[in-house]
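Colleague: sequence and predicted structure are below.
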Amino acid sequence: MIGTGQLGALAATLLSVLVIAAIVLAWGGWRMITRQGDRRKGILMLACAFVLLVNVLIWTV
């Protein structure tokens, strides 16, 4: 657990996975809005990505 500060190795891994999931959700939401025309689902995906990123920021700050 060297270099992870107060977070354990498992917590750091989980936060990394959450950031990757937020990026994938944001990309999918943007694609859903622009290409498939399903605006409601795309906006919900972008909102979910935003919530995930805010949670990661809360846990790391």
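Modeller: Nice, thanks for sending it over.
Colleague: switch to C-alpha atoms for all contacts and neighbour counts from now on
Modeller: Fine.
Colleague: residue nearest the centroid of this protein?
Modeller: residue 22 (2.1 Å; Cα atoms, centre = their mean).
Colleague: tell me the SS of that one?
Modeller: Here residue 22 is recorded as helix under DSSP: H, G, I helix; E, B strand; the rest coil.
Colleague: that one reaches residue 54, doesn't it?
Modeller: No. Using Cα atoms under 8 Å, residue 22 makes no contact with residue 54, being 10.0 Å away.
Colleague: hmm, back to that, now do the same contact list for the closest residue in space to the residue nearest to the centre of the chain that isn't next to it in sequence.
Modeller: Leaving aside its sequence neighbours, residue 22 sits nearest to residue 49 (Cα to Cα, 6 or more residues apart in numbering; 4.3 Å). Residue 49 makes contacts with 21, 22, 23, 25, 26, as judged by Cα atoms under 8 Å, 6 or more residues apart in numbering.
Colleague: the last one: how many residues sit nearby?
Modeller: This points to residue 26. Residue 26 has 21 neighbouring residues, counting by other Cα atoms under 10 Å.
Colleague: contacts only, for residue 27.
Modeller: Contacts of residue 27 (Cα under 8 Å, 6+ apart): none.
Colleague: measure it to residue 49 for me?
Modeller: Noted for residue 27: a distance of 9 Å to residue 49, by Cα to Cα, to the nearest Å.
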